[in-house]
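Colleague: Predicted model, plus sequence, below.
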Amino acid sequence: MNIPPSIEESNRLTVRGLIRVAMALALIGLIFSYPGAISSPYSDTGLAGYYDNQIVERANDIESIEHSAVTDETSVYQYNELSPVAKEVFDKTRSAAGDSFTIVLCHEWTLICDEYYESDVPDEFQYGAVGHNVDESELYTVVEDEGEAYVLQTGALGHADGWNLAGLPLVISSSLLVLLVSGVLVHNTIRPPEQSGNGFAAWDIGAAFLIGTFALAVPYLHMWDILSVYWSRRLITGGVALGVLVYYYRLR
């Protein structure tokens with residue numbers, strides 16, 4: 001039995017309309033409900049130096065340490081007593097240029113992490129910022145290894161705000177333009193594009209799917225050094241703005 005063209009066209013419009021509504025809701029949900037959309041995989045405490053590690057003195061033994069912050073109350077560890085992650089952080093610190101290493105934390109929502117989750121931060125060392133959550137004396141630890149004593153200072157000695165709001169306009173613009181794609185989908189649901197003659201009726205659905213997929217991939221593209229979050233946001237902002245104009249003036 002042959003289906004009349006008018007019914008077949010009506011069914012196609014209904015299916016595409018449902019897909020558009022679903023895609024529009026998914027994009028809105030990405031922006032307002034999922035923190036990983038078009039964002040960095042790494043968290044920021046807003047306090048400069050919060051997770052810093054710095055070896056501030058090397059001595060032959062504990063008795064030879066001259067640093068004024070080291071007292072009888074300072075925690076002392078033998079290297080082989082440290083947990084695996086504490087050993088890793090300590091080794092990275094003493095082998096780095098300037099005896100300095102900063103722990104970078106991944107957001108908990110990331111599926112994979114090439115740095116550290118907050119739960120990985122070693123318990124042996126105290127992190128924070130003086131004047132915010134710790135006293136200065138808590139930020140010093142002595143580690144002994146192979147006849148040498150190291151004074152490790154962790155965290156920040158000052159309470160300095162480290163928020164960088166320079167990229168906020170780009171964050172807002174990229175999010176708004178993803179929402180604009182949702183608006184295009186809703187518009188095309190209410191007033192479907194011409195189904196004959198131009199053949200571009202489903203381009204909006206395909207573009208919305210690609211934008212949503214890209215938004216989800218941004219943290220991992222940044223993590224793998226393929227494309228930074230900054231350039232991803234610029235790409236979305238410029239690509240969507242240009243794409244919507246081309247779609248309405250040339251393709252729809």
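Modeller: It's in.

Colleague: tell me what the longest helix along the chain is packed against?
Modeller: The residue-count maximum for a helix in the chain (DSSP state H) belongs to helix 5-33. Counting contacts by 3 or more C-beta pairs under 8 Å, 6 or more residues apart in numbering; DSSP states H and E, helix 5-33 packs against helix 168-190, helix 203-223. Any C-beta I mention is one placed from the backbone N, CA and C, and that applies to glycine too.

Colleague: Quick one: distance of the longest one to the chain centre.
Modeller: What it means is helix 168-190. 21 Å (C-alpha atoms, centre = their mean, to the nearest Å).

Colleague: quick one: contacts for the residue nearest to residue 212 when sequence neighbours are not counted?
Modeller: Spatial nearest neighbour of residue 212, chain neighbours left out: residue 27 (5.6 Å); criterion: C-beta to C-beta, 6 or more residues apart in numbering. Taking C-beta atoms under 8 Å, 6 or more residues apart in numbering, we find residue 27 in contact with 178-179, 181-182, 185, 208, 211-212, 215.

Colleague: ok so, going back, out of the helices and strands packed on helix 5-33, nearest to residue 13?
Modeller: Residue 13 lies closest, by C-beta to C-beta, to one member of those: helix 168-190, at 9.3 Å.

Colleague: quick check: domain ranges of the chain?
Modeller: Per automatic domain parsing, the domain ranges recorded for the chain read 12-41+165-251, 52-154.

Colleague: would JSON lines of the ones you listed with mean pLDDT be doable?
Modeller: Shown next, in JSON lines, are the domains of the chain (pLDDT from 0 to 100):
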{"stretch": "domain 12-41+165-251", "mean pLDDT": "87"}
{"stretch": "domain 52-154", "mean pLDDT": "95"}
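
Colleague: pretty sure residue 16 contacts residue 206?
Modeller: No - using C-beta atoms under 8 Å, residue 16 is not in contact with residue 206, being 11.3 Å away.

Colleague: More neighbours: which of the two?
Modeller: residue 16 (20 against 11; other C-beta atoms under 10 Å).

Colleague: how close does the more buried one get to residue 182?
Modeller: Look at residue 16 and residue 182: by C-beta to C-beta, to the nearest Å, they are 15 Å apart.

Colleague: what's the neighbour count on residue 226?
Modeller: 12.

Colleague: what does residue 85 give?
Modeller: Neighbour number of residue 85 under other C-beta under 10 Å is 17.

Colleague: Equivalent analysis for the one 10 residues further on, please.
Modeller: Around residue 95 sit 9 other residues, with neighbours defined as other C-beta under 10 Å.

Colleague: Residue 128 against residue 50, yeah?
Modeller: Yes - judged on C-beta under 8 Å, residue 128 makes contact with residue 50 at a distance of 6.4 Å.

Colleague: quick one: stretch 105-119 to chain centroid distance?
Modeller: With C-alpha atoms, centre = their mean as the basis, stretch 105-119 stands 9 Å off its chain's centre.

Colleague: so what's residue 237 up against?
Modeller: So residue 237 contacts 170, 173-174, 177 (C-beta under 8 Å, 6+ apart).

Colleague: Reformat these as JSON lines; add distance to residue 76 and neighbour count.
Modeller: Conversion of the contacts of residue 237 to JSON lines gives the following (distance: C-beta to C-beta, whole Å; neighbours: other C-beta atoms under 10 Å):
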{"residue": "170", "distance to residue 76": "47", "neighbour count": "17"}
{"residue": "173", "distance to residue 76": "52", "neighbour count": "17"}
{"residue": "174", "distance to residue 76": "49", "neighbour count": "27"}
{"residue": "177", "distance to residue 76": "55", "neighbour count": "19"}
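
Colleague: for those, which one is nearest residue 97?
Modeller: Among these, and counting by C-beta to C-beta, the member closest to residue 97 is residue 170, at 31.6 Å.

Colleague: isn't that closest one right up against residue 233?
Modeller: Yes - with contacts counted by C-beta under 8 Å, residue 170 reaches residue 233, the gap being 4.8 Å.
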